[in-house]
Structure formats: C-alpha cells, structure tokens
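Engineer: Structure for this input, please:
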Amino acid sequence: MLNFLSSLVRKHRNTFKVLEVLRQCVQKWTLRLGARGSAFIGSLSFTNRTPVVASVFGLIMALGCTTMVQAQQPPLAGAVQNNGVRVNNTGRINSDLNVQVRDLCFVLGARDNQLVGYGIVSGLAGDGDKDPEYTLQAVANMLERFGLTLPPSALTSKNIAAVVLTADIPPFVRSGSRIDVHVAAMGDARSLHGAVLARTPLLGPDGTVYAVAQGPVAVGGFIGGIPGPGGASVQKNHPTSGQIVRGAVVEREIPVTFVKEKKLELIMRQPDFVNATAVADKINEFVMNDEELIDKVISPALARNGSTIQVKIPEDFTADPVRFLARIEQLSVTVNTPARVVLNERTGTIVATSRVAVSSCAVAHGNIIVNIAQGYDISQPQVPLAGGAPVLSPATDIVINEGEGMLTPFRSMPTVQDVAKSLNALGVTPRDMMAIFQAMKQAGALQAELILR
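Structural biologist: Residues are numbered from 1 along each chain as shown. From the prediction side, this is the model:
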C-alpha cells in the first residue's frame with residue numbers, strides 16, 4: 001500500500017507543486033486581508049506524501065475561507081457602488097452631473113428670432129372688447145381690404161377683440177413650415193374662449209413679414225357666472241390668453257451663417273469659466289482620440305472667455321461642418337454647478353444647489369436658535385492588520401433650539417439643505433428661512449451667492 005501511494009505521489013509531483021504555489025498565494029492574500037484563519041491554511045501541506053484526498057479537501061477549505069474573507073472585506077474608498085453611484089472617502093455620494101454639449105451651449109448664428117403682430121379675433125359670444133376706438137378702427141381697416149367701407153362709429157365690438165400675437169421662429173426653418181403662436185387680449189375682453197383669429201402678419205425686428213397666423217385659439221382656462229353686485233363668478237387660469245398650435249405659416253426664411261473661416265463658436269447658456277474650459281477640453285480630447293480623423297488638429301477648441309468657445313473645423317469636415325457639429329454636441333461634459341441660493345419673497349420659494357455650504361455660526365431668529373459647529377472624526381480600519389491608515393473626515397453638529405430645548409442634531413458637513421430640512425421640521429415659514437439665510441450671508445457664514453427676487 002505504501003509503495004502504491006509513493007508511486008502515486010511521484011506521478012503527480014507536478015500537480016502538488018502547483019497546489020503548493022496556490023497555497024502560498026492564498027496564505028499571502030489572507031494575511032494581506034487580515035484574516036484570522038491563516039494558521040489553519042498554513043497547516044495544510046501539499047508536498048511529499050500527503051494524501052491526495054486531504055490535499056484537495058484542504059484546498060477547497062482554503063478557497064472557502066478566502067471567499068468568506070472577501071465577503072467580509074469593507075468596500076474600498078472611491079469604489080463604484082449602488083448601480084454606478086460613486087462614493088467618496090467621507091461616505092457622501094459624488095453626484096457630478098454629466099450633460100451633453102448641446103444642452104450647455106448653442107451655436108453662434110443659429111438662434112431663434114422673435115415675431116410680433118396685431119390682429120382681431122371674433123366669435124367671443126358677448127365677451128369681447130367694450131367698443132374701444134383701436135378695436136373699431138382695426139375692424140374698419142380689415143373690412144376695407146375686402147371692399148366694404150364703413151366708419152368706425154357704425155361698428156360694434158361685443159363679439160370681437162383686439163389681440164397681440166407673439167411667436168419665436170427657430171433657425172433653419174424653411175418657407176412653408178409652421179410655428180406656434182401665442183395670443184393675448186389687448187383690450188377689456190373678458191375671455192377668448194371660442195375665438196378665431198383672422199389672418200394676421202407677423203413682423204420681425206426689421207419690419208419684414210416672416211410669417212402669417214390664422215386659426216382658432218385654444219384657451220387653457222375658463223370664466224363663468226354672473227359678474228357684478230350680487231353675482232358670483234368662477235375663473236380658472238387666465239382665459240384672456242391662449243395659443244394656436246402650428247397656427248403660423250413661415251413665408252420668408254431667415255438666413256443663418258454659423259461657420260466663418262472654417263471656425264464656429266459655441267456660446268454657453270450659463271456663462272461660467274469652469275464649464276467653458278471643460279467643454280473645450282472635451283472637444284480637444286474627442287478630436288485627438290478620433291481614429292477616423294486623418295487631419296489631427298492640435299487643440300481645435302479654445303475657451304475665449306466664460307461664454308465663448310471657438311472651435312476649428314478639421315479638414316475632414318470642411319465640406320460637411322454639420323456632421324462635425326452633430327458629433328461634438330453629443331459629447332458629455334461634467335458640469336460644475338456653482339453654489340447659489342435663490343430666494344423669491346413674493347412666492348416664498350427657496351432654491352439652493354448641492355454645493356452650498358454653511359460655516360460655523362449661531363443664528364437666533366425669534367425663539368429659534370441654530371448652532372452650527374464644525375469638527376473632525378477619526379475612523380480606524382475595521383479589519384486589523386489590513387495595512388490601512390486612520391482617515392480624518394470632517395463632521396458637523398447642527399443643533400436647533402425652539403422654546404424648551406427642541407434639538408435636531410446632524411452628523412454631516414453643514415449644508416443649506418440640512419439647515420432647511422431642520423427648519424422645515426420645526427414648522428418655520430419660508431419668510432423666516434429667508435431672513436435666516438440673509439443673516440447668514442451678511443455674517444459671512446453662507447458660502448454661496450445669494451440672489452433675491
């Protein structure tokens with residue numbers, strides 16, 4: 001029996017050497033992760049005359065221990081978790097926003113143009129203008145174009161009303177295209193419900209007719225009841241304004257030129273030096289890494305200022321600049337949102353970005369006391385002998401007192417969102433929040449741009 005086992009060991013000596021190498025790798029890996037089962041793994045032997053069955057069983061147990069250690073290993077800092085959301089060292093989610101270039105910029109020259117017109121609507125069922133002179137004169141002028149001459153005093157306007165038309169004509173629209181038109185009552189008409197617009201020219205800033213509007217007006221509101229003393233009426237939204245979807249036909253095209261001397265310019269919708277530089281860097285990276293381009297232009301994009309990015313068109317796209325523009329507009333850029341707080345006192349609206357931070361301060365407003373104190377926490381590695389170093393992370397306590405010691409603590413960086421959340425929990429009105437934020441800004445504790453509306 002011993003001779004048989006000896007011959008079997010000599011026959012499979014190379015296999016045992018491979019298993020020994022695996023054992024050493026598993027032992028080093030386990031020690032590196034700080035597992036306590038390294039002594040058990042070290043006791044396993046895959047050399048000389050160890051039975052094959054025991055060796056295989058030991059290897060399986062070692063791999064099982066390694067899998068358990070891997071399952072207990074804490075997540076690495078900066079690893080991608082939670083379906084692609086990146087977590088930083090402080091445990092906060094890094095919510096960088098990627099936006100396409102087409103949403104950040106528009107091409108110089110390819111812009112909308114505004115049109116305006118003055119017209120008459122009819123069919124108002126007694127809700128029209130109460131005989132103003134400009135309405136009667138407009139009706140008399142319209143009838144004169146059809147061969148009927150009447151003095152304005154002979155007309156009545158209870159079923160008609162004078163309206164102002166506005167429209168935006170986008171770039172690159174051709175003759176025959178249709179655009180939307182907004183209609184608003186100019187006189188004292190009560191409602192435009194059931195109104196039909198007569199043919200009205202729409203003029204550009206140069207006085208040229210670029211479109212003609214006509215059709216029924218869609219009103220998003222209504223008014224009903226009996227007005228006056230002793231009467232009751234119900235009104236929803238604004239019945240004196242409406243729109244005609246695709247109600248204007250473009251009669252004249254507006255010429256558009258967006259390429260000059262093999263260059264085009266991108267204009268930031270929100271001027272910002274950081275975002276403009278990020279867009280330029282992204283375009284340069286795309287041009288240099290595009291394998292289809294034969295003519296490599298070094299740094300084709302340059303941010304001239306916080307709102308203008310000049311881009312040179314490569315020779316490959318000189319005859320087809322639209323294709324090049326379409327490709328760079330689909331590039332995704334990481335947007336750096338500025339720290340900003342907008343307060344609207346009329347509507348009680350407060351809007352703040354995620355980068356707004358609040359320094360250490362104490363605010364008292366009425367019987368509400370807010371205390372914000374910054375500090376630092378030291379976190380030790382969870383697994384001993386893992387080779388990790390202590391991590392120093394900032395932490396903040398936010399304590400709010402109202403009346404008799406009502407506390408709301410927070411263990412995180414002080415942000416305006418935390419302050420607003422805690423104040424909302426106490427039932428503070430938006431106007432009180434605005435006063436608190438303004439006081440923080442005056443004291444230099446609110447690290448953000450404060451905009452009042």
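
Engineer: Moving C-terminal from the host helix or strand of Lys421, which element do we reach first?
Structural biologist: In the assignment (DSSP states H and E), Lys421 maps to helix 416-425. Using DSSP H and E, the helix or strand that directly follows helix 416-425 along the chain is helix 430-443.

Engineer: So which bits of that next one are buried?
Structural biologist: 430, 433-437, 439-441 (16 or more other CB atoms under 10 Å). All C-beta spots, glycine's among them, are computed from the backbone N, C-alpha and C.

Engineer: Any chance of TSV for those residues, columns pLDDT?
Structural biologist: TSV is the format used below for those (pLDDT from 0 to 100):
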residue	pLDDT
Pro430	77
Met433	80
Met434	84
Ala435	84
Ile436	81
Phe437	83
Ala439	83
Met440	81
Lys441	86
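
Engineer: Can you name the residues bridging to His344?
Structural biologist: Not His; residue 344 is Asn. Per DSSP bridges, the residues bridged to Asn344 are Thr349.

Engineer: Quick check: it touching Arg453?
Structural biologist: Yes. Using CB atoms under 8 Å, Asn344 makes contact with Arg453 at a distance of 4.1 Å.

Engineer: returning to what we had before: quick one: which of the buried residues of helix 430-443 is nearest to Val311?
Structural biologist: Using CB to CB, Lys441 comes nearest to Val311 of the buried residues of helix 430-443, at 38.6 Å.

Engineer: Give me the distance between the closest one and Val341.
Structural biologist: Counting by CB to CB, to the nearest Å, the separation of Lys441 from Val341 is 8 Å.

Engineer: how far away is Glu144 from Gly119?
Structural biologist: 15 Å.

Engineer: the more surrounded of the two?
Structural biologist: Gly119 (22 against 11; other CB atoms under 10 Å).

Engineer: Now the nearest residue to the more buried one once chain neighbours are set aside: which helix or strand?
Structural biologist: Closest residue to Gly119 apart from its sequence neighbours, by CB to CB, 6 or more residues apart in numbering: Thr200 at 3.3 Å. Assigned by DSSP H and E, Thr200 belongs to strand 196-203.

Engineer: Name the residues of that strand that are buried.
Structural biologist: For strand 196-203, using 16+ other CB under 10 Å, the buried residues are 196-198, 200-203.

Engineer: got the domain boundaries for this structure?
Structural biologist: 2-72, 113-220+237-250, 263-335, 340-452 (automatic domain parsing).

Engineer: The ones you listed: lowest mean pLDDT?
Structural biologist: Of all the domains of the chain, the minimum mean pLDDT falls on domain 2-72 (a mean of 48).

Engineer: For the stretch 251-400 of the chain, which segments count as strands?
Structural biologist: Using DSSP state E, counting those that start in this stretch, the strands of the stretch 251-400 of the chain run over 263-268, 301-303, 308-312, 332-335, 340-344, 349-352, 357-358, 361-365, 368-379, 391-402.

Engineer: With distance to Ala248 added, can I get the ones you listed in TSV?
Structural biologist: Shown next, in TSV, are the strands of the stretch 251-400 of the chain (distance: least, CB to CB, whole Å):
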stretch	distance to Ala248
strand 263-268	27
strand 301-303	37
strand 308-312	33
strand 332-335	35
strand 340-344	34
strand 349-352	34
strand 357-358	49
strand 361-365	53
strand 368-379	55
strand 391-402	55
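
Engineer: how about those strands, which one is nearest Thr277?
Structural biologist: The nearest among these, by CB to CB, is strand 301-303 at 5.0 Å.

Engineer: So which other helices or strands are in contact with that closest one?
Structural biologist: In terms of contacts (3 or more CB pairs under 8 Å, 6 or more residues apart in numbering; DSSP states H and E), strand 301-303 is packed against helix 273-289, strand 308-312.

Engineer: ok, back up a step: now, which of the buried residues of helix 430-443 sits nearest Asn336?
Structural biologist: Closest approach to Asn336 among the buried residues of helix 430-443 (CB to CB): Lys441, at 21.5 Å.

Engineer: Excluding chain neighbours, what is closest to that closest one?
Structural biologist: Leu450 is the one closest to Lys441 (CB to CB, 6+ apart), at 4.5 Å.

Engineer: Quick check: neighbours of the one helix or strand the one you found maps to in the sheet, parallel or antiparallel?
Structural biologist: Counting by DSSP H and E, the element that carries Leu450 is strand 449-452. In the sheet, strand 449-452 lines up against strand 340-344 (parallel) (DSSP bridges).
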